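Chemist: Could you work out the structure for the sequence below:
(chains A, B, C and D)
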There are 2 protein chains.
Amino acid sequence: MTDRPLSTKERLIRTAAELFRRRGYSGVGVAEILEAANAPKGSLYHHFPNGKADLAQAAAVWSSDGMLRIIAASFEPALSFEEGCRTLCYKLAKLFDISGLWETCPIAGALTDGPENTAFRELSRHLFDGWIAEFEHHAMRFGASPEEARRKAEHFFILMQGGWDLARSRRDSDIMRRLPLPG
Amino acid sequence: MTDRPLSTKERLIRTAAELFRRRGYSGVGVAEILEAANAPKGSLYHHFPNGKADLAQAAAVWSSDGMLRIIAASFEPALSFEEGCRTLCYKLAKLFDISGLWETCPIAGALTDGPENTAFRELSRHLFDGWIAEFEHHAMRFGASPEEARRKAEHFFILMQGGWDLARSRRDSDIMRRLPLPG
DNA sequence: ACAGGAATGGACCAATTGGTCCAGTGTCCC
DNA sequence: GGGACACTGGACCAATTGGTCCATTCCTGT
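Modeler: Take a look at the predicted model:
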């Protein structure tokens, strides 16, 4: 693990991502993020000219990248699409446990509430599509036809999102482990 | 349709439910609810001594009751569990269209963001369990064993929640209509 | 008719919201 | 050493936040 001190910008993004994921965009104030990241106000508006909104988007992108890495790490060693799904579910369940059973989808947290904002919605759609494309890629790697792969990818995405919701409501990470995967 | 004028309390609950559903608990201010419901501040704190938090819980309960009615209306005339699920999905898709493609799960909206509040989380769990119990009931009505019914009910609930998320992100109600129901 | 509680309207409040501005401080390259 | 510029610290701001309080009005049962 590289422990070299993170830049202020990096710290802002990470702490913002964590907080938004827990309590949503509108649920977290700029002041709270600043304090948790140990950063002064000036830095925020230096790195993110549009303030909170910019930061939330950066946080969502950062979270999505992390998620893509977890997806890859789950599917690459797998011997079938279903095995990859299962492994990913177990990883997510573990992260959910570590988080204290409160975190949901990081993108939903950072971008879903707040204003009915087109930019936010489009970014969330774009990032979600990135995950689905990754699922799709692995499904095809295991021999699925393009249509089949797309179907399977969207299906798994929906299960994952729904599972996250129910897991948080019940505070039970086993929901993720027992997700009703097809096949 | 009974069009007799609603009481102030009723108006507060309904407009709050609608707003929370769109932008989440923290995303909507008390002032905005008051204005939309055409109610003065004094009334809010008369009917809901704990203010916004009480109102959100009432709104969630009201929304959940509405949802239970839609569930019943979908499953009662159905000839199989799967047909009930399908009908419900179509009804939800239509409501989603009417809402302008922004609304999510009403309970998630009112209770999910905001403080990491035990009362909120427990109520959301309770209400979700009510929906699942209803699904379970209908699954058994069509001959499923108790375990099978529970499995099917939770499975469908997860698909529904996940579907809501993806439908909103894509602004596409067809996601709900094409939900990958088993069987 | 009238007592009394329910409901309303709205003035008022401290705290917090997201945001601006700028004088300083570092740090890098010439 | 000096110019340039990225970055920081924090004072300051108007607007909004959720909430309190109370005098008035409405509505009910007797």
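
Chemist: Need the nearest residue in space to the residue positioned nearest the centre of chain A, chain neighbours excluded.
Modeler: By Cα atoms, centre = their mean, chain A has its centre lying nearest to A:P106, at 3.7 Å. Excluding the flanking residues, the one nearest A:P106 by Cβ to Cβ, 6 or more residues apart in numbering or on different chains is A:S63, at 3.4 Å. Heads up, the C-betas are built off the backbone N, CA and C, glycines and all.

Chemist: which other residues reach stretch A:28-48?
Modeler: Applying Cβ atoms under 8 Å, 6 or more residues apart in numbering or on different chains, the contact partners of stretch A:28-48 are A:8-9, A:11-12, A:14-16, A:19-20, A:22, A:51-52, A:54-55, A:58.

Chemist: typed the wrong thing, it's stretch A:50-59
Modeler: So stretch A:50-59 is contacted by A:12-14, A:16-17, A:20, A:25, A:30, A:33, A:44-45, A:48, A:106, A:110-111, A:114, A:117, A:119-120, A:123 (Cβ under 8 Å, 6+ apart).

Chemist: how about the helix or strand hosting the residue nearest to A:P106: buried residues?
Modeler: A:S63 is part of helix A:52-75 when elements are defined by DSSP states H and E. By neighbour count on 16 or more other Cβ atoms under 10 Å in any protein chain shown, the buried set for helix A:52-75 is A:52-53, A:55-64, A:67, A:71, A:74-75.

Chemist: Considering only the residues you listed, which also neighbour DNA strand C?
Modeler: Restricting the buried residues of helix A:52-75 to those touching DNA strand C (Cβ under 7 Å from any atom of the strand) yields A:52-53.

Chemist: ok, of the buried residues of helix A:52-75, which one's closest to DNA strand C?
Modeler: Of all the buried residues of helix A:52-75, A:K52 has the smallest distance to DNA strand C: 3.7 Å, by Cβ to the nearest atom of the strand.

Chemist: Now A:I158. Nearest residue, chain neighbours left out?
Modeler: If you skip the residues right next to it in sequence, A:I158 has B:G162 as its closest partner in space, 3.5 Å away by Cβ to Cβ, 6+ apart.

Chemist: my read: the one you found touches A:Q161, true?
Modeler: Yes. With contact defined as Cβ atoms under 8 Å, B:G162 counts as touching A:Q161 (3.8 Å).

Chemist: For the two, indicate the residue with more neighbours.
Modeler: Neighbours per residue, other Cβ atoms under 10 Å in any protein chain shown: of B:G162 and A:Q161, the larger number sits with B:G162, 27 against 24.

Chemist: what's the helix or strand for that one?
Modeler: helix B:146-170.

Chemist: Now that helix: average pLDDT?
Modeler: For helix B:146-170, mean pLDDT is 97.

Chemist: Repeat that for stretch A:7-25.
Modeler: For stretch A:7-25, mean pLDDT is 94.

Chemist: Give the buried residues for it.
Modeler: Those would be A:8-9, A:11-25, for stretch A:7-25 by 16+ other Cβ under 10 Å.

Chemist: swap in stretch A:40-55?
Modeler: Neighbour counts using 16+ other Cβ under 10 Å place A:43-44, A:47-48, A:52-53, A:55 of stretch A:40-55 among the buried residues.

Chemist: Same question for stretch A:131-147.
Modeler: Neighbour counts over stretch A:131-147 (16+ other Cβ under 10 Å) mark A:131-132, A:134-136, A:138-140, A:142, A:144 as buried.

Chemist: now, which of the residues you listed sits nearest A:F156?
Modeler: Of all those, A:F135 has the smallest distance to A:F156: 5.6 Å, by Cβ to Cβ.

Chemist: ok, back up a step: which entries in the buried residues of stretch A:40-55 are shared with the contacts of DNA strand D?
Modeler: Within the buried residues of stretch A:40-55, those near DNA strand D by Cβ under 7 Å from any atom of the strand are A:43, A:47.
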